[in-house]
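Fold the following, please.
(one chain, ligands or ions: 1)
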Amino acid sequence: DKGLAVFTSGGDSQGMNAAVRACVRMAIYVGCKAYFIREGYQGMVDGGDCIQEATWASVSSIIHRGGTIIGSARCQDFRERAGRLKAANNLVQRGITNLVVIGGDGSLTGANLFRQEWSSLLDELEKNNTITSEQKNKYNVLHIVGLVGSIDNDFCGTDMTIGTDTALHRIIEAIDAIASTAYSHQRTFIMEVMGRHCGYLPVVAGVISEADYVFLPEYPPPQDWPDRLTLKLDQERSAGQRLNIVIVAEGACDREGNPISAEDVRKVIDARLKHDARITVLGHVQRGGNPSAFDRVLACRMGAEATLALMEATPDSVPVVISLDGNQTVRVPLMECVERTQAVAKAMKEHRWADAVKLRGRS
Ligand code: F6P
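Numbering: from 1, shown residues only. Sure, this is the predicted structure:
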């Protein structure tokens with residue numbers, strides 16, 4: 001009779017629905033009562049129709065859909081204790097003491113704080129006569145498990161996050177399409193690619209699209225980058241290439257931390273090479289559309305494993321995030337991964353790029 005709820009939080013990514021489906025179906029399979037929490041933490045605070053029982057059928061025909069059918073939101077209320085108190089009451093009233101949070105490091109950190117605070121929240125609810133002492137004793141431990149849904153692949157501790165592979169497909173389809181028209185007109189295209197402060201998408205897209213130059217957040221170019229860029233593009237044209245592709249990560253900057261934008265790059269190419277240079281900002285197209293086969297499989301495996309991890313959790317167990325290690329789904333201590341991810345963000349902010357790359361490790 002365990003209650004398990006799943007919610008998506010922060011920016012969406014393709015494959016989140018497949019993960020929701022797998023959590024719910026595995027929960028039902030092992031005899032749990034499964035719930036959706038709509039609109040992320042906001043739905044947990046608001047309760048009511050935002051927390052609904054999920055059935056086997058309610059997650060049919062969503063495995064292929066992008067976005068998240070249960071919605072996602074940033075929530076100010078959950079940052080306040082009063083909001084978390086409401087959220088705790090909404091869960092206790094439904095007998096939910098197992099949560100699968102699908103989001104980025106901020107969402108996972110929020111869930112961990114909630115778990116740590118849980119018994120003091122229940123004490124306060126009992127004191128206010130909002131819950132009974134039987135409820136308090138029955139539901140006195142909250143278990144959480146994290147899944148990382150993000151196109152950026154910026155979370156430490158997993159080789160891939162849910163959505164990255166699909167975003168890469170979107171980017172490559174776009175570059176392939178651009179390359180054919182660039183070829184006809186001997187143009188240079190500058191593609192702006194997402195990924196926040198992580199260069200995974202731009203660097204992999206650069207390698208597999210034969211881009212001529214890539215600007216990355218973690219490897220800022222030297223100050224003479226305009227000379228290097230134009231030399232490279234010129235060499236390629238002299239060797240007979242009819243087009244150039246330059247990829248600029250949205251978080252690209254120089255070694256002093258000044259942003260390098262697609263427009264900065266276009267101006268250099270225009271002024272020095274007189275190429276017909278155009279910019280394409282891929283934007284949220286990268287985060288939309290149906291998940292790839294890889295993301296569906298990844299999300300299914302991670303979602304099922306998340307439910308199993310919750311079922312096996314004991315009051316003393318450390319909360320985990322479900323990660324991909326090579327080809328294996330594994331359970332990794334959640335806060336270790338979050339702390340490393342936040343240390344990377346700090347290093348990037350302080351322009352300690354080499355440290356950031358080292359800290360991030362394999363993923
Ligand atoms: O984290 C995913 C991401 O798409 C980043 O790549 C991008 O910087 C950001 O979210 C955009 O956020 P928003 O959708 O809030 O504009």
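
my hunch is that Glu192 is in a strand, does that hold up?
Yes: under DSSP: H, G, I helix; E, B strand; the rest coil, Glu192 sits within a strand.

Contact partners for it?
With contact taken as Cβ atoms under 8 Å, 6 or more residues apart in numbering, Glu192 is in contact with 248-250, 261-262, 279-283. In this view, the C-beta of every residue, glycine as well, is placed from N, C-alpha and C.

And it, how close does it get to Ile171?
Glu192 is 10 Å from Ile171, where distance means Cβ to Cβ, to the nearest Å.

shared neighbours of the two, which are they?
Leu282.

sorry, back to before: weed out the non-buried ones from the contacts of Glu192.
248-250, 261-262, 280-282 (16 or more other Cβ atoms under 10 Å).

how about the nearest residue to Pro315, chain neighbours excluded?
Nearest residue to Pro315 in three dimensions, chain neighbours excluded: Val141, at 4.8 Å (Cβ to Cβ, 6 or more residues apart in numbering).

Show the backbone phi and psi for that neighbour.
Main-chain torsions, Val141, degrees, to the nearest 10: phi -120, psi 130.

OK, now which residue of the stretch 251-363 of the chain is nearest to the ligand?
Arg287 (5.1 Å; Cβ to the nearest ligand atom).

Now for that residue, how many residues are close by?
Arg287 sits with 21 neighbouring residues when counted by other Cβ atoms under 10 Å.

The residue lying farthest from the centre of the chain and Thr188, how far apart?
Note on the chain: the largest C-alpha distance from the chain mean falls to Ser238, namely 41.1 Å (Cα atoms, centre = their mean). Distance from Ser238 to Thr188, counting by Cβ to Cβ: 14 Å.

do Val214 as well
Taking Cβ to Cβ as the measure, Val214 falls 14 Å from Thr188.

check contacts around the residue of the stretch 51-200 of the chain found nearest the ligand.
For the stretch 51-200 of the chain, the residue closest to the ligand is Met194, as judged by Cβ to the nearest ligand atom, at 3.4 Å. Counting by Cβ under 8 Å, 6+ apart, Met194 touches 151-152, 167, 201, 250, 282-283, 286-287.

Near the ligand, which residues of this structure are found?
Proximity of the chain to the ligand (Cβ under 6 Å from any ligand atom) is limited to residues 11, 150-152, 194-196, 250, 287.

which stretches of this protein form helices?
16-29, 40-46, 81-94, 105-127, 133-138, 164-185, 200-208, 225-238, 262-273, 293-312, 334-349, 353-360 (DSSP state H).

who wins for proximity to Thr68 among these?
helix 16-29 (4.3 Å; Cβ to Cβ).

From the rest of the structure, what touches the closest one?
Here helix 16-29 makes contact (Cβ under 8 Å, 6+ apart) with 4, 6, 8, 33-34, 36, 54-56, 58-59, 62-63, 65-70, 72, 100, 102, 147, 149, 162-163, 291, 295-296, 299-304, 306-308.

Tell me the gap between it and the middle of its chain.
18 Å (Cα atoms, centre = their mean, to the nearest Å).

what does stretch 213-222 give?
Distance, centroid of stretch 213-222 to centroid of chain: 22 Å (Cα atoms, centre = their mean).

again with stretch 128-139
Put simply, stretch 128-139 sits 35 Å off its chain's centre (Cα atoms, centre = their mean).

Quick check: buried residues in it?
130-131, 135-136, 139.

Span of it from start to end?
Distance across stretch 128-139, first residue to last, is 17 Å (Cα to Cα, to the nearest Å).

Leaving out sequence neighbours, find the closest residue to the residue nearest to the spatial centre of the chain.
Centroid-nearest residue in the chain: Ser150, 1.6 Å away (criterion: Cα atoms, centre = their mean). Spatial nearest neighbour of Ser150, excluding adjacent residues (Cβ to Cβ, 6+ apart): Thr161 at 4.6 Å.

what pLDDT does the residue of the stretch 251-363 of the chain closest to the ligand get?
At Arg287, the model reports a pLDDT of 97.

That one and Ser13 touch, don't they?
Yes: the pair Arg287 / Ser13 is scored as a contact, 6.3 Å apart, by Cβ atoms under 8 Å.

which residues are in contact with both of the two?
Residues touching both Arg287 and Ser13 (Cβ under 8 Å, 6+ apart): 151, 163, 167.

Please produce TSV containing the residues you listed, extended by distance to Gly257.
TSV is the format used below for the shared contacts of Arg287 and Ser13 (distance: Cβ to Cβ, whole Å):
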residue	distance to Gly257
Ile151	24
Gly163	28
Ala167	26
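
Let me see the confidence value for Arg360.
pLDDT, read off for Arg360, is 89.

mind checking how far Thr341 is from Thr314?
From Thr341 to Thr314 the distance is 26 Å (Cβ to Cβ).

cool, Gln286 as well?
Counting by Cβ to Cβ, the gap from Gln286 to Thr314 is 40 Å.

Give me the phi and psi for Asp154.
Backbone geometry at Asp154, expressed as degrees, to the nearest 10, gives phi -110, psi 10.

Tell me which residues touch it, please.
Asp154 touches 104, 161, 195-198, 200, 341, 344, 360, counting by Cβ under 8 Å, 6+ apart.
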